[in-house]
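[1] pasted the sequence and its predicted model underneath.
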Amino acid sequence: MLVLLAAVLVAVAIVIGAAFWSRLPRRKQPDGGGAAERVGVAPTVPEPGDSDGAPAEGGAAEAAVAEDPNAIRPLTSHEVFTRMCEFALGRGRGTELAAGHEGIAEASAAALLDAATQQRYAPRRPNMLPRLLSAANDENVSRRELTSIIARDPSLVGNLLKIANSSFYRITPEPVESVDRAVALLGTDGIRSLITAAVMQPIFRFGGADFPRFPEVAWEHTFRSASAAVPYTFFVEKADPFTAELLSLVMGLAGIVVFRVAMDQYAASPRLVPHASVIAWLLDNHCAATARRIGASWELSEKTLASLDDQTWSATEHPTPLGRSLLYGRLVGALAVLRSNRVIDEDTALASIPRTQMPQGQVMRMWMRLTPQPGKARPS
């Protein structure tokens, strides 16, 4: 079933890349060039096949700021992920591990070596996803039949309608009150993406007194990362967009596993109050390796798993096309989370999007979708 999951996701990749993203509208540009033009001073992603692999930071950006003191300074990838982590945890991470908490970090790192295979931590296998995506991709399956398949799982229906009415998906002022209407409004491509979200999002739901905002922010970042990786993969790397989306989901799941393992270690040491610096350090240093183990348990190929290597907060390059796609998606997804929650302004966010070979119009359409305007329905 897990092999089928990956196969189905890859099979619909090119359709989604071509049809879904090309229909997204442009966001109105600021007068006088404004923020969109400032993307030109951002880090760059070399063309496919470039041995350097991914966004190179500094260089042009620093030169532009030196020449014009009023220029918007792009954030480095490390700055972006640090700010997002601080927002998710609700407090500053600090520059070093908190004194007395080194043992928690070491115990968590050791526990993560097999956490991906433990039932307590391993993400539940999305068994319904291959069947649903297969039905959504089958021209012989009618809208009514697809609706009927979805309706067999009441919890899935509730989650699907909730997401369909979120600002990220809603395309009409009127609320979506039935699965049939969601299918009709979003179309085949939209419903595929919505099904993926509805099946995967419950994995990110769990409570806790410490860092209560983390699961929600982690989901926001995961879904936006996947959404950003798809067009980049299609337009720049010419690889499989839906495989890049799957990898983004796996990275997000790994973050949740890392977080839960750390919380369990703190629970075993009640005299210590969970510290943001420990969580941040574990996420930066162990998330990619944990994602690789999860991917291996899902029976992803070694070629696909290699894209997860070295996906740290400071990474600016990657040797594989899908690795670069994942790197780009994670960075742009983090910028979208920060912008949507008003942690950074629009100019800084746009200036920090890496320059790529993706057409600028597509970049702005992607950004509009990732950061929907408050109180406005997303145009179809």
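    Sure, I can see it.
[2] only C-alpha atoms for contact and neighbour calcs from this point on.
    Fine.
[3] ramachandran coordinates for the residue most central in space within the chain?
    Residue closest to the mean C-alpha point of the chain, counted by CA atoms, centre = their mean, is Ser225 at 2.3 Å. The phi/psi pair for Ser225 (degrees, to the nearest 10) reads phi -60, psi -50.
[4] just the pLDDT for it.
    Listed pLDDT for Ser225 reads 94.
[5] ok, now which ones touch it?
    Contact partners of Ser225, counting by CA atoms under 8 Å, 6 or more residues apart in numbering, are 245, 248, 326, 329-334.
[6] output the lowest mean pLDDT helix or strand found in this structure.
    helix 34-38 (a mean of 36; mean pLDDT, DSSP states H and E).
[7] please list the residues outside stretch 333-340 that contact it.
    80-81, 83-84, 217, 220-228, 344-346, 349, 352-353, 367, 370-372.
[8] show me what the strand or helix carrying Asn159 is packed against.
    Using DSSP states H and E, Asn159 maps to helix 154-164. Packed against helix 154-164 by the contact rule (3 or more CA pairs under 8 Å, 6 or more residues apart in numbering; DSSP states H and E) you find helix 143-151, helix 179-200.
[9] how close does Ile191 sit to Arg170?
    12 Å (CA to CA, to the nearest Å).
[10] with Asp310 instead?
    Taking CA to CA as the measure, Asp310 falls 36 Å from Arg170.
[11] likewise Asp210?
    Taking CA to CA as the measure, Asp210 falls 32 Å from Arg170.
[12] next helix or strand past the longest helix anywhere in the chain?
    Criterion DSSP state H: the longest helix present in the chain is helix 241-267. From helix 241-267 onward toward the C-terminus, using DSSP H and E, the following helix or strand is helix 276-297.
[13] relative to helix 241-267, how tilted is that following helix?
    For helix 276-297 against helix 241-267, the angle by axes from the mean of the first three to the mean of the last three CA atoms, to 10 degrees is 130 degrees.
[14] about what we covered before: weakest of the helices and strands packed on helix 154-164 by average pLDDT?
    Mean pLDDT is lowest for helix 179-200 among those, at a mean of 71.
[15] re earlier: which of the contacts of stretch 333-340 fall in helices?
    Using DSSP H, these in helices are 80-81, 83-84, 217, 220-228, 346, 349, 367, 370.
[16] list the buried residues for the longest helix of the chain?
    241-263, 265-266 (16 or more other CA atoms under 10 Å).
[17] ok, now which ones touch Arg260?
    Arg260 touches Tyr121, counting by CA under 8 Å, 6+ apart.
[18] what's the distance between it and Ile203?
    Plainly put, Arg260 is 12 Å away from Ile203 if you go by CA to CA.
[19] go on, Asp309?
    23 Å.
[20] ok, Thr356 next?
    Noted for Thr356: a distance of 33 Å to Ile203, by CA to CA.
[21] so which of the two has more stuff around it?
    Thr356 (22 against 16; other CA atoms under 10 Å).
[22] the more buried one is in contact with Thr233, isn't it?
    No. Look at Thr356 against Thr233 with CA atoms under 8 Å: they stay out of range, at 10.9 Å.
[23] Leu282: how many residues sit nearby?
    The burial count for Leu282: 21, using other CA under 10 Å.
[24] wait, doesn't it sit right on Glu106?
    No. Using CA under 8 Å, Leu282 makes no contact with Glu106, being 9.4 Å away.
[25] tell me how many other residues crowd Leu272.
    Leu272: 13 neighbours (other CA under 10 Å).
[26] may I have the phi/psi pair for it?
    Per degrees, to the nearest 10, the backbone of Leu272 is at phi -100, psi 130.
[27] out of everything not next to it in sequence, what's closest to it?
    Leaving aside its sequence neighbours, Leu272 sits nearest to Tyr266 (CA to CA, 6 or more residues apart in numbering; 6.7 Å).
[28] residue contacts, that neighbour?
    Tyr266 touches 104, 272-274, counting by CA under 8 Å, 6+ apart.
[29] burial check on Glu102, number of neighbours?
    As a measure of burial, Glu102 has 12 neighbours, counting by other CA under 10 Å.
[30] make sure Thr172 is indeed in a helix.
    No. Secondary structure of Thr172 (DSSP: H, G, I helix; E, B strand; the rest coil): coil, not part of a helix.
[31] in stretch 99-111, what counts as buried?
    101, 104-105, 108-109, 111.
[32] out of those, which comes closest to His286?
    Comparing the buried residues of stretch 99-111 against His286 with CA to CA picks out Ala109 as the nearest, at 7.2 Å.
[33] name the SS class of Ala71, please.
    Secondary structure for Ala71, judged by three-state DSSP, is coil.
[34] give me the phi and psi angles of His78.
    Dihedral angles for His78 - degrees, to the nearest 10 - are phi -60, psi -40.
[35] so it makes contact with Ser314?
    Yes. The criterion here is CA under 8 Å, and His78 meets it with Ser314 at 4.8 Å.
[36] quote the end-to-end distance of stretch 91-106.
    22 Å.
[37] relative to the whole chain's centre, how far out is it?
    Stretch 91-106 sits 26 Å away from the centroid of its parent chain (CA atoms, centre = their mean, to the nearest Å).
[38] if we look at it, which residues are touching it?
    Contact with stretch 91-106 is made by 82, 85-86, 262, 265-266, 272, 275-278, 280-282, as judged by CA under 8 Å, 6+ apart.
[39] list the buried ones in the helix holding Asn159?
    Going by neighbour count (16+ other CA under 10 Å), the buried part of helix 154-164 is 156-161, 163-164.
[40] fine by me, we can end here.
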